[in-house]
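1. Task: produce atomic coordinates for the following.
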Amino acid sequence: MTLLFGFDKLLKDNPSFTPQQLASRQLSQYLNYSQFINTNYTGLTAAKIYLNSLGDMVAPYVVTSYTGVYKGGFQSKTFAMTDTLGTNITFLNGTSPLFYGGSSIPPPDGPIAIPLNYLSNTFGTSAGSGIVAMFALGIIVSGCFLTFFIAWQKDKKLKMLSIPESVVTIIGSFFCYLSIIFHLNAPTKQLCVARIWLVLIGYVLMIQPVIMKNVRLYIILKSKKRLDAAMLTLINRITITVGILVELALLGYWVGGSNTGPLQVIVGTDAFDICSSVNKPSSVSIQVLEGYTIFVHCLLFVLAYMMKDVDQKFNEAPALSTIGVMNAVLFGVIMILPSNPTPSMDLIQCICIWIGTTLTLLILFGAKIYEVIFDTMSEKGLLKMSIKSTFDAGRSSAKSGFASSKMVSAVFVPAMPKAMKQDTSEHSQDSSNQEKSSSSAEASMTSNAPLVGSPTSPTSPTGNEKKGERI
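-> This next block holds a predicted model:
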């Protein structure tokens with residue numbers, strides 16, 4: 001009725017307005033709240049009904065409480081009333097407020113507030129202490145490997161690993177270990193970016209030199225043409241540099257093309273932050289960065305297949321395959337964890353990074369370093385006593401056998417057929433050719449002199465082989 005009285009008032013105050021204009025909504029601009037404030041309408045609850053600026057009726061409000069009892073309708077009890085403007089409240093008969101169950105305590109406006117336990121990997125927690133321990137131990141491991149390569153850089157066996165490329169790999173491991181410490185404390189936007197930057201650039205620094213070193217070795221071993229070692233090495237190292245620069249450029253593109261930062265996760269009563277990264281509209285920075293890194297990783301398997309038939313002395317196919325499979329599994333674990341986040345997620349990711357980095361270093365360099373240490377200790381006489389005791393223990397048991405072998409040799413060697421002696425001479429020639437090919441590849445790893453591929457014609461027997469034939 002108030003609405004109809006308002007329309008009537010508008011038409012009476014403005015004789016030029018017609019009901020047709022009102023029905024077609026041509027007069028809507030005049031129908032603001034002021035048109036309905038006072039229409040002089042007398043209703044059932046009040047002599048005259050007035051509306052305030054909010055459109056509410058200006059009248060006292062009665063406050064009731066439902067008892068929960070149903071007798072022909074829900075029973076209620078009135079316990080308070082407001083004034084006309086609704087600014088003051090008066091309790092009837094001095095009673096207290098009545099709420100559900102007869103309580104005088106007001107219920108909460110929403111669900112009961114549950115205090116959350118905010119978690120972070122601070123140094124005082126077990127997870128934080130583990131992160132710090134892995135970081136410190138990793139830096140020590142990288143430092144030990146780097147120190148060893150600098151101290152024994154002139155060792156022939158260590159040079160076979162191509163020391164400059166190996167040093168780049170060790171520097172990459174340092175970045176991977178460094179990324180672990182950024183999992184300490186609650187993540188921020190800067191910490192999240194630093195985590196991903198360091199681990200990805202570190203991994204590419206570790207793997208790219210290994211890949212290109214094996215590509216260079218494959219070219220040397222399979223080529224039958226004269227090669228310029230200096231030019232081949234230069235091209236190899238330029239390729240490594242370009243690959244690293246591409247990764248850096250894609251990381252920069254990712255930072256600008258994505259929204260990366262902390263995301264709060266609530267599990268039960270525990271709340272913690274994880275790093276989240278999503279593309280900005282029309283950006284594919286995450287997919288491009290992941291695609292390039294996976295491409296570099298897959299080259300490990302390609303090189304492992306290409307090197308499977310190479311001389312065992314230079315064959316790193318088993319190492320490349322092992323590194324590829326191991327890091328693929330660990331990377332998969334790191335990527336899957338955010339789909340079901342837990343408070344220990346950061347610690348597990350750090351463990352995966354530490355294991356992958358450490359085992360990669362050991363697989364690539366462990367065996368050669370052991371050989372160098374063993375040879376150095378032998379040369380300095382540190383192993384002399386153990387070797388001498390082993391020799392003395394076997395010498396007494398070998399004396400009688402040695403005399404018998406001389407007699408057998410004296411009897412059977414003169415009776416050797418001529419054809420058999422000729423086969424022995426030819427076998428010696430083939431062994432000499434294989435040794436020459438391996439020596440050429442070995443020299444290429446430590447020298448910049450021009451290289452020659454595998455020999456294509458047999459060489460003449462050496463003086464020792466001729467002497468053996470006469471015997």
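2. could you give me the average pLDDT of the strand or helix carrying Met206?
-> Element membership of Met206, judged by DSSP states H and E, is helix 189-222. Across helix 189-222, the average pLDDT comes to 91.
3. Pull out the buried residues from it.
-> For helix 189-222, a neighbour-count test (16 or more other Cβ atoms under 10 Å) marks 191-217, 219-221 as buried. The way it works is simple: take the backbone N, C-alpha and C, and place the C-beta from them, glycine included.
4. before we move on, what about stretch 319-327?
-> Ala319, Leu320, Ser321, Ile323, Gly324, Asn327.
5. okay but the fourth one is in contact with Phe365, surely?
-> Looking back up the chat, that one is Ile323. No: between Ile323 and Phe365 there is no contact under Cβ atoms under 8 Å: 11.9 Å.
6. So the nearest residue to Met1 once chain neighbours are set aside, which state does it fall into?
-> The spatial neighbour of Met1 that comes closest, neighbours along the chain excluded (Cβ to Cβ, 6 or more residues apart in numbering), is Tyr41 at 5.6 Å. Here Tyr41 is coil, with the state taken from DSSP: H, G, I helix; E, B strand; the rest coil.
7. Surely Tyr41 is in contact with Phe5?
-> Yes: counting by Cβ under 8 Å, Phe5 is a contact partner of Tyr41 at 4.8 Å.
8. Just the buried residues of stretch 319-327: which are in helices?
-> Ala319, Leu320, Ser321, Ile323, Gly324, Asn327 (DSSP state H).
9. Residues contacting stretch 85-101, please?
-> If you take Cβ atoms under 8 Å, 6 or more residues apart in numbering as the criterion, stretch 85-101 is touched by 56, 58, 60-61, 63, 65-66, 68, 77-83, 104-107.
10. Any of those buried? List them.
-> Looks like these have Ser65, Phe79, Ala80 buried, using 16+ other Cβ under 10 Å.
11. mind checking how far stretch 194-213 is from the chain centre?
-> 12 Å (Cα atoms, centre = their mean, to the nearest Å).
12. how many neighbours does Leu92 have?
-> If you count neighbours by other Cβ atoms under 10 Å, Leu92 ends up with 12.
13. Same question for Met160.
-> 17.
14. Help me confirm that it comes into contact with Phe365.
-> No: contact criterion Cβ under 8 Å: Met160 and Phe365 do not qualify, at 11.0 Å.
15. quick check: domain ranges of this structure?
-> For the chain, automatic domain parsing gives the domain ranges 1-59, 61-104, 117-379.
16. which of those domains sits most buried?
-> Mean neighbours per residue, mean count of other Cβ atoms under 10 Å, is largest over the domains of the chain for domain 117-379, with a mean of 17.
17. measure that one end to end?
-> Length of domain 117-379, first residue to last, Cα to Cα, to the nearest Å: 61 Å.
18. now it, how far from the centre of its chain.
-> 10 Å.
19. Cys352 touches Ile334, doesn't it?
-> Yes: applying Cβ under 8 Å, one finds Cys352 in contact with Ile334, separated by 5.3 Å.
20. gap between the two ends of stretch 112-124?
-> First-to-last residue span, stretch 112-124, Cα to Cα: 32 Å.
21. Average pLDDT for stretch 69-87, rounded please.
-> pLDDT averaged over stretch 69-87 gives 78.
22. Can I get it in CSV, CA atoms only?
-> The C-alpha coordinates for stretch 69-87 follow below in CSV (Å, rounded to 0.1, in the frame of the first residue of the first chain):
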residue,chain,number,x,y,z
VAL,A,69,7.8,-25.6,21.5
TYR,A,70,5.2,-26.2,18.8
LYS,A,71,1.5,-25.8,19.8
GLY,A,72,-0.5,-24.9,16.8
GLY,A,73,2.5,-22.8,15.9
PHE,A,74,6.0,-22.1,17.2
GLN,A,75,5.7,-20.5,20.6
SER,A,76,7.7,-17.3,21.3
LYS,A,77,8.2,-15.0,24.2
THR,A,78,8.6,-11.2,23.9
PHE,A,79,11.3,-9.9,26.2
ALA,A,80,12.3,-6.4,24.7
MET,A,81,11.2,-3.5,22.6
THR,A,82,13.0,-0.6,20.8
ASP,A,83,12.0,3.0,20.5
THR,A,84,10.5,4.4,17.3
LEU,A,85,13.8,5.2,15.7
GLY,A,86,15.3,1.8,16.8
THR,A,87,18.2,3.4,18.6
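23. secondary structure class for Ser276?
-> strand.
24. cool, and Ile170?
-> Under the three-state scheme (three-state DSSP), Ile170 adopts helix.
25. contacting residues around it?
-> Contacts of Ile170 by Cβ under 8 Å, 6+ apart are Ser142, Phe145, Leu146, Phe149, Leu361.
26. where along the stretch 101-250 of the chain do the helices fall?
-> Using DSSP state H, counting those that start in this stretch, the helices of the stretch 101-250 of the chain run over residues 126-151, 156-159, 163-181, 189-222, 229-257.
27. what bits of this protein have low per-residue confidence?
-> 33, 38, 43-47, 53, 55, 94, 100-102, 110-111, 381-471 (pLDDT under 70).
28. give the contact list for the spatially closest residue to Asp270 that is not a sequence neighbour.
-> Closest residue to Asp270 apart from its sequence neighbours, by Cβ to Cβ, 6+ apart: Asn117 at 5.1 Å. Counting by Cβ under 8 Å, 6+ apart, Asn117 touches Thr269, Asp270, Ala271.
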